[in-house]
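In: Please find the sequence and the predicted model below.
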Amino acid sequence: MSGKVHPLFMHDRASLAQYRKGRGAYFKARYAGRGGRGGGNAGTENQQQLSTAESSSSSTSTWAQLSQALDSIDGQQYGSYKRLQNRRFEHKSPDFTLSINHVQTDAYAPPSKISVRMDWKTTCFPTEYAASDIRQIALADYLSRAAAACIRSKHMDRSVGSGNSGWSGPKGGVFSINAPAQEVLPRTSALVLSDGDKSLETRFTVSLPARGRTVLGGEAKSILCNNLPELVERTMLYSSHLAKELNTHIHCVEDQAYMRSQLEARGLVAFVGNGSILPRASGASARSMTGKHVVPFKSPPELEVVLKRKHDSEVRGMGIPKGITLLTGGGYHGKSTLLEALQLGIYNYIPGDGRELVVTSPNAAKVRAEDGRSVTGTDISAFIKNLPAKRNTDAFTTDDASGSTSMAANIQEALELGAEVIMVDEDTSATNLLVRDERMQSLIKNEPITPLVSKVRALYDQHGVSTIIVVGGLGDWLDVADNVIGMDSYAPRMLTAEAKALSKKFPRKVVQDKNYGTLPDRNVGFPAAILHDKPPVARRKDFITVFADRALQDPSQNEAGIDISGVEQLVECGQTRTIAHSIRSLAHVKDAEGVHLKTALSGIEAEVALEKAMPEKLPGGDLVAVRRFELGAAVNRIRGLESRAARAEGAQTGEGPKKKARIDH
């Protein structure tokens, strides 16, 4: 490429090839060679992100030596705890190895990281539980839940202090594991390891106790030497669990994955099983709603299909075909509730959640309007062009997007990453991007926005991308829908025939574009703040804090970061941590033309996909699997991101043979 290159793109190209080496190569290149005290970029970051694999070369001590070590540092300065870092201790009966991977700097710092590894034969879990990725995911999820429940029941999640003992009083001692919610996701809190002899590993955090800045060795010994072995015995041994309950959990998760795998061959984008309980307890709880007023889902006869399960009988329910599907109905009748279940049908659920029989295409993306989000170099010309002052929309950039431009960008960015289903709710959309009626067409001649209603048919015909949209007051959509499903008192009805009849009775002039337009295809470069000494951090699900030097002079800048509150398919803070971790890794990749977004995110997703067990070399126990769509959404919202078209000749115009926009794996 000729011409002056932006400094953010002034890198060598070799590292990008890591993404093309296949599963395991990328993270192996990033982590496998690091030692506990050197290598990599910043010593502090390396210590914070030590994995069990990195401490495996350390000598192993006995459990008695752990007790002696804690006795020896009792009453000393807090830094004495550092003597335990990177050490391993063997416990007998049950046999397991404790690795102390990271020791916090003081009592107020983020907690220390430890892990427990037990030989698979010692656990006595049936071999078939580790026979596939999906079974390993389900087992790890079950064990993480069991560990969290044990920690709560034993009050190991409570501080040694009273909570109001002041700076000089006792504090710390809180023991925790990254506990799952309703979804069953690959996570690093528990892993089946296959390096050498098969083993099981669980990862915890513990805030090592202190009084002021003085080590409380006795309390630390109680936590690590006494409470931890009991926790391990109650969670990592097969005999400690109800075999029927564990079996049901694993089979339930495996059945959901098997049902989802049937959608493509059946020409479906989603399925909702009869008897499903879709509404949630509240806006603050993902648990299912209970009570006599709750209406179980029942498919309309016209859409009822049957899917098979591996471990149970066939399931009847509503199959949503490919194409354009309209969900409608009166207010409070359940149309948005149905869409919310569908948009999260990309995940598997625990038995009893109510959504175990709801499965959706794994490449479905929910989009919405997000006033104020940043957009960098996204081609939104399919929806918006001919702006005043001849502003270019082939590579649109703004720090403060309007509702329509943000929604157009969200759609285009999802398509860039290979979305095969777009989901939209009228309530969270920009109306002027959904529809433009005949009266407004006559009044406003010079309108730069082409609404989605004029594009969805071309989007499906030319790219194979289906649309599911909730509409309650925009009748123009009846003209373009292949299927119309009406929700009436939480019960779905097939209204396609009635909708078509009304379209003929009350005709509207709904313009249909023959060509969808161009899809984005970009290289990106990351701002220097991503590579700050302090890496990006996610303390909550909807925001990633990015540190910058200016925060040292102006503390108000410390909350600068990536706002992903509009990314509705994220369900756990652990996913956001994975995103923050991955963005940092992406920023390290050096290529003169930047990181090719689709290729890079596909490489990351190969490591942390929803259907793959998490790689054991990922650091810590608080990471959770995430799709390329949510990862890409975060990347696209980075303020200061640099972007350029990857290759003009490769842009997808939608002309010619029908072709789906997808990522090549």
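Out: All right, it came through fine.

In: ok, Asn86 to Ser240 distance?
Out: Asn86 sits 30 Å away from Ser240, going by Cβ to Cβ, to the nearest Å. Placement of C-beta: from N, CA and C, glycine included.

In: Mind checking which of those two has more residues around it?
Out: Counted by other Cβ atoms under 10 Å, Asn86 and Ser240 do not tie: Asn86 has more neighbours, with 22 against 15.

In: pretty sure the more buried one contacts Ile114?
Out: No - using Cβ atoms under 8 Å, Asn86 makes no contact with Ile114, being 11.4 Å away.

In: Next, show the common contact partners of those two.
Out: Common neighbours of Asn86 and Ile114, using Cβ atoms under 8 Å, 6 or more residues apart in numbering, are Ile100, Asn101.

In: ok, for Ala419, nearest residue in space, not its chain neighbours?
Out: Of all residues not flanking Ala419 in the chain, Ala365 sits nearest, at 4.1 Å (Cβ to Cβ, 6 or more residues apart in numbering).

In: Surely that neighbour is within a strand?
Out: Yes - the assignment for Ala365 is a strand, going by DSSP: H, G, I helix; E, B strand; the rest coil.

In: Surely it and Gln569 touch.
Out: Yes - assessed by Cβ under 8 Å, Ala365 is found in contact with Gln569 at 7.3 Å.

In: joint contacts of these two?
Out: Contacts common to Ala365 and Gln569, judged by Cβ under 8 Å, 6+ apart, are Phe629.

In: Show the backbone phi and psi for the residue with the largest distance to the centre of the chain.
Out: Distance from the C-alpha centroid of the chain, by Cα atoms, centre = their mean, peaks at Lys505 (45.4 Å). Lys505 adopts backbone torsions of phi -70, psi -40, taken as degrees, to the nearest 10.

In: Ala365 and Gln569: who's more crowded?
Out: Ala365 (28 against 19).

In: Any figure for the gap between that one and Arg493?
Out: Taken as Cβ to Cβ, the span from Ala365 to Arg493 is 27 Å.

In: repeat for Pro535
Out: Note on Pro535: its distance to Arg493, by Cβ to Cβ, is 51 Å.

In: which of the two has more neighbours?
Out: Neighbour totals were compared for Pro535 and Arg493, and Pro535 leads with 22 against 16 (other Cβ under 10 Å).

In: The more buried one: what's its closest spatial neighbour, skipping adjacent residues?
Out: Spatial nearest neighbour of Pro535, excluding adjacent residues (Cβ to Cβ, 6+ apart): Arg584 at 4.8 Å.

In: same deal with Pro279?
Out: Distances taken as Cβ to Cβ, 6+ apart put Met289 closest to Pro279, at 4.3 Å, once the chain neighbours are dropped.

In: Compute the number of surrounding residues for the one you found.
Out: 16.

In: So it sits against Gly283, correct?
Out: No - with contact defined as Cβ under 8 Å, Met289 does not count as touching Gly283 (11.5 Å).

In: Can you pull out the low-pLDDT segments for this protein?
Out: For the chain, applying pLDDT under 70 flags the ranges 1-58, 162-168, 549-559, 647-665.

In: and it, what are its domains?
Out: 7-17+522-646, 52-241 (automatic domain parsing).

In: For Gly566, see how far away the closest residue to Asp371 other than its chain neighbours is.
Out: Leaving aside its sequence neighbours, Asp371 sits nearest to Gly403 (Cβ to Cβ, 6+ apart; 5.2 Å). Going from Gly403 to Gly566 by Cβ to Cβ gives 11 Å.

In: Looking at these two, which has the bigger crowd around it?
Out: Gly566 (21 against 18).

In: so how far is Thr398 from the closest residue to the more buried one other than its chain neighbours?
Out: Using Cβ to Cβ, 6+ apart and skipping residues adjacent in sequence, the residue nearest Gly566 is Glu370, 4.0 Å away. Distance of Glu370 to Thr398, given as Cβ to Cβ: 12 Å.

In: More neighbours: which of those two?
Out: Shown here are Glu370 and Thr398; by other Cβ under 10 Å, Glu370 has more neighbours (25 against 16).

In: could you point out the longest helix in this structure?
Out: In the chain, taking DSSP state H as the definition, the longest helix is helix 133-153.

In: What is whatever helix or strand His581 lives in packed up against?
Out: His581 belongs to helix 573-588 when elements are defined using DSSP states H and E. Applying 3 or more Cβ pairs under 8 Å, 6 or more residues apart in numbering; DSSP states H and E, we find helix 573-588 packed against helix 25-31, strand 537-540, strand 543-545, helix 597-608, helix 628-636.

In: mind checking how far that helix is from the chain centre?
Out: 10 Å (Cα atoms, centre = their mean, to the nearest Å).

In: Can you give me the buried ones in it?
Out: For helix 573-588, a neighbour-count test (16 or more other Cβ atoms under 10 Å) marks 573-587 as buried.

In: likewise stretch 424-438?
Out: If you call a residue buried by 16+ other Cβ under 10 Å, then stretch 424-438 has these buried ones: Val424, Asp425, Glu426, Thr428, Ser429, Ala430, Asn432, Leu433, Leu434, Val435, Arg436, Asp437.

In: which one of the domains of the chain lies closest to Val253?
Out: Relative to Val253, the nearest member of the domains of the chain by Cβ to Cβ is domain 52-241, separated by 3.9 Å.

In: Contacts for stretch 480-496 next, please.
Out: 279, 295, 297-303, 318, 320-321, 323-330, 333-335, 337-338, 453, 456-457, 478, 498-499, 510, 512.

In: For the closest residue to Gly323 other than its chain neighbours, grab the count of nearby residues.
Out: Nearest-residue entry for Gly323: Asp482, 3.7 Å, with adjacent residues in sequence omitted and distances by Cβ to Cβ, 6+ apart. Asp482 has 16 neighbouring residues, counting by other Cβ under 10 Å.

In: Asp482 and His311, how far apart?
Out: According to Cβ to Cβ, Asp482 and His311 sit 34 Å apart.

In: With Glu245 instead?
Out: Going from Glu245 to His311 by Cβ to Cβ gives 14 Å.

In: do Asn178 as well
Out: From Asn178 over to His311 (counting by Cβ to Cβ), the distance is 28 Å.

In: and those two? which has more neighbours close in?
Out: Between Asn178 and His311, counted using other Cβ under 10 Å, the more crowded position is Asn178 (23 against 12).

In: ok, and that one, which helix or strand is that part of?
Out: Using DSSP H and E, no helix or strand contains Asn178.

In: Check whether it really touches Met614, as I assumed.
Out: No - look at Asn178 against Met614 with Cβ under 8 Å: they stay out of range, at 11.4 Å.

In: list residues touching both of Gly403 and Gly566?
Out: Joint contacts of Gly403 and Gly566 (Cβ under 8 Å, 6+ apart) are Glu370.
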